[in-house]
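Have a look at this prediction, sequence included:
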Amino acid sequence: MNSLYLSHHPAASRAFALAVFRDLRARGIDARLAVDADEAAALALARSAAVLVCIVTPAAAPHLTKGGQQANEILQALEDGQPVLGLFAYGAAPGDTALRAAPEAVRAALQATPVITPPLTDEDALEAGLDYLHGQLTVLFENSAEHDSPPAANEAGSAQRLLRMAAPNHNSLLAEAWYNRALTASNTAVRLDALNHVLELNPGLAEASFQRGTLRLRAGDANGARDDFDAAAASLDSARLWLLRGQARRQTGDLAGAAEDFGRVIEHDAEQTTAWIGRGLCRRSLADLAGALSDFDAALRLGPASASLHINRGLTHKALAQGHPSNEARPYLEAARADYDAALVLEPGSAVALNNRGVVRLQLGDVPGAISDLDAALARDPAYESARRNRTAAEAALRSAAAAEDRAAAETRVSLALGLAASGLFDNALEALAEALELDPNSAAAYHARARLRAAQGDTEAALEDFTRTLELEPDSALAFADRGELYLATSQLDKAARDFSRAIRAAPDNAHYQFRRGLVRSEAGDHARAIEDFSGAIERGGPLGAAYYYRGIAHAALGEFDAAIADYNAALAFDPDMAEAYLNRGLARAAHSGSASRRAAIEDLKLYLVQSSGDDRAEVERILRKLESKR
């Protein structure tokens, strides 16, 4: 019995091949069919038959031009002298454009003995087509010489297994017809509609799910595409599937899943630049910056380089800079700028590259360069909002840099003014401060220094104006409050002086000097009890100890607390044995006590005072001394 082998495309004509196989077997013809993926076994089975019947469909025809399994089976038959019959189905024909790129020998064999089946619109048409095929085969067998073919291994078992498979029904054949239409239609909407029909008729056809997922992804339906790729993945294992599903997952926010799919592509084919880029994008979004940088580096090594690839690596370098201290960030920023430079070589005028390089230049301190890049980006794309915001920030940085230069120059003049004032050149110092305020009208240091100079010159009103402006600019300046308090004290505005020293103490609670000066104000105002509290606070904070003890003694004496006063005078003299006023006031406190011992001690203190002092009060002190001595 003559035998034939049915060569078919696994996705475009499997159901049709199985239907033909069963019909031919029922008619007594030894039909052979390979449905497994082992190409070597299929070639051996094809060689075992007397005739090779190549099933050509619109979707299968392009694969004959690419050296696929069907093309290899035809070439083997031609080498072996095996007759070849072309069986055209689902509207395919020998003159189709898709066959023109096939090898000449393949094309000639298919066109020499073509069998064209009518469109399979219903089961009657299928039956008619099979009858026609049977007639053509009968003629072919009758006209061909007897052909002793080598037996195929396990052919009987294979045929039995195929016959036990469910017979293709009209729906499965119709699904295959729609599939062929989907792969040959030029209109995307028509292709998508055809694939919808395929999957309604045969939901498990993985190739159709893959093709529909591809179309959906191109149309922006990433969710639908991901569902289709998930369905296809149940049967297919291809790098192309993982690559496209990775893209769909990334677009739907499943970054970890997308990175995993891109990784599978890389494991399958490490030369896939697109997969390295895709995984790099996912890793950067997942904050795996080192991994992202490694992936982008790999993509650039493989090539081809592109502006977008350099931009994405630049963004990764920029993100790495943000994770480092400023003193360690510069190398990453320089690397980012180099990437944007490379992007602009590949795509001159790229608004995205210009915008990002402008940002990096701004971070590197090249403000004019940043403005130049951002202006160029906006010239290329006036609606580029990110570039516009960054341009505003760069302009602010430029103004800030200019202001910083003016502030630095103003600080230099303030320092000069302080030096001139220390040399007694007050007028020159005031001129320097005026220049400082022209450069920086908000220089608190310049106002403060001028306030002190004006106070020293007796220009109280102008000094107070400058102190007020100083405190507007630096409302927490303890020194400015204290200095204005001194001016109020010098002009006998004791309430205002006490208020300013209180503010200075709130701003600097541990400052002993401010506590001491408020004690003097309170003592001058006759509030001796609170003055004692301030002097005690100054002593607790470490000084000025001699003066603090002395003035606390004065306050105690004013309250008639002479023993406490004498103790403070003793402490003051322990710190400063030459403090004449302490001898005087201790003598007066001792004189207030009755008893000859106190009187003798008072006389001794007053004499020590007269030895050390040449003050205007000598005559009064001598009078008191004579009075005390007369009581001996």
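Great, that's in hand.

Where does the prediction get shaky in the stretch 1-150 of the chain?
Counting by pLDDT under 70, the low-confidence segments of the stretch 1-150 of the chain come to 1, 37, 113, 117-150.

mind running it again at 50?
In the predicted model of the stretch 1-150 of the chain, residues 1, 121, 145-150 satisfy pLDDT under 50.

Break down it into its strands, ranges please.
Listed in chain order, the strands of the stretch 1-150 of the chain (DSSP state E, counting those that start in this stretch) span residues 3-7, 30-33, 51-56, 84-88, 114-116.

Can you tell me which helices and strands the fourth one packs against?
Same thing as strand 84-88. Strand 84-88 makes packing contacts with strand 51-56, helix 69-80, helix 104-112, strand 114-116, helix 123-143 when contacts are defined by 3 or more Cβ pairs under 8 Å, 6 or more residues apart in numbering; DSSP states H and E. Heads up, the C-betas are built off the backbone N, CA and C, glycines and all.

do the longest one as well
Strand 51-56 makes packing contacts with strand 3-7, helix 14-26, helix 69-80, strand 84-88, helix 104-112, helix 123-143 when contacts are defined by 3+ Cβ pairs under 8 Å, 6+ apart.

and it with strand 3-7, angle?
Between strand 51-56 and strand 3-7, the angle comes out at 20 degrees (axes from the mean of the first three to the mean of the last three Cα atoms, to 10 degrees).

got the buried residues for stretch 305-313?
By neighbour count, and taking 16 or more other Cβ atoms under 10 Å as the criterion, the buried residues in stretch 305-313 are A305, S306, A307, L309, H310, I311, N312, R313.

so of the residues you listed, which ones are in helices?
Mapping these onto helices (DSSP state H) picks out A307, L309, H310, I311, N312, R313.

Hmm, the fifth one is touching R284, no?
Yes: with contact defined as Cβ atoms under 8 Å, N312 counts as touching R284 (7.3 Å).

Just give the number of residues close to A434.
Each residue near A434 was counted by other Cβ atoms under 10 Å, and the total is 13.

Report the spatially closest residue to A185, excluding sequence-adjacent ones.
Taking Cβ to Cβ, 6 or more residues apart in numbering as the measure, A185 lies nearest to R191, with 4.6 Å between them; neighbours along the chain are not counted.

ugh, typo on my part, it should be S294
Of all residues beyond its chain neighbours, the one nearest S294 is G280 (7.9 Å), with distances taken as Cβ to Cβ, 6+ apart.

Following whatever helix or strand that neighbour lives in in sequence, what is the next regular element?
In this structure, G280 sits in helix 273-285 according to DSSP states H and E. Reading on from helix 273-285 to the C-terminus, the next helix or strand found by DSSP H and E is helix 289-302.

Contacts for that following helix next, please.
Residues outside helix 289-302 that contact it (Cβ atoms under 8 Å, 6 or more residues apart in numbering) are 271, 273, 276-277, 279-281, 283-284, 309-310, 312-313, 316-317, 319-320, 323.

repeat for stretch 379-387
Outside stretch 379-387, the residues within contact range by Cβ under 8 Å, 6+ apart are G349, S350, A351, L354, N355, G358, L374, A377, L378.

ok, 6 Å please
Around stretch 379-387, the neighbours that count as contacts under Cβ atoms under 6 Å, 6 or more residues apart in numbering are G349, A351, N355, L374, A377, L378.

now stretch 254-271
By Cβ under 6 Å, 6+ apart, the list of residues contacting stretch 254-271 from outside reads 239, 242-243, 245-246, 249-250, 272, 275, 278-279, 282, 285-286.

Please repeat the previous calculation with a cut-off of 10 Å.
Residues external to stretch 254-271 that are found in contact with it (Cβ atoms under 10 Å, 6 or more residues apart in numbering): 222, 226, 229, 233, 237-252, 272, 274-286, 288, 291-292, 295, 298, 302.

now stretch 504-518
Applying Cβ under 10 Å, 6+ apart, the external contacts of stretch 504-518 come out as 474-486, 489, 497-503, 530-531, 533-545, 547-548, 551-552.

now with 6 Å?
With contact meaning Cβ under 6 Å, 6+ apart, stretch 504-518 is reached by D476, A478, F481, A482, F501, D534, G537, A538, R541, G542, G543, A548.

list the buried ones in that stretch?
By neighbour count on 16+ other Cβ under 10 Å, the buried set for stretch 504-518 is A504, I505, A507, A508, N511, A512, H513, Y514, Q515, F516, R517, R518.

from those residues, which two are the most distant?
In these, the most distant members under the criterion Cβ to Cβ are A507 and F516, with 15.9 Å between them.

Give me the distance between A387 and A379.
When distances are taken as Cβ to Cβ, to the nearest Å, A387 and A379 turn out to be 10 Å apart.

Same drill for these two, tell me which one is more crowded.
Neighbours per residue (other Cβ under 10 Å) separate A387 from A379, with A387 holding more: 26 against 13.

what helix or strand is H324 on?
H324 is part of no helix or strand, with elements assigned from DSSP H and E.

For it, which non-adjacent residue is spatially closest?
For H324, the spatially nearest residue (Cβ to Cβ, 6+ apart) is Y332, at 6.8 Å.

which element follows the helix or strand where the one you found lies toward the C-terminus?
In this assignment (DSSP H and E), Y332 forms part of helix 326-346. On the C-terminal side of helix 326-346, the closest following helix or strand by DSSP H and E is helix 351-363.
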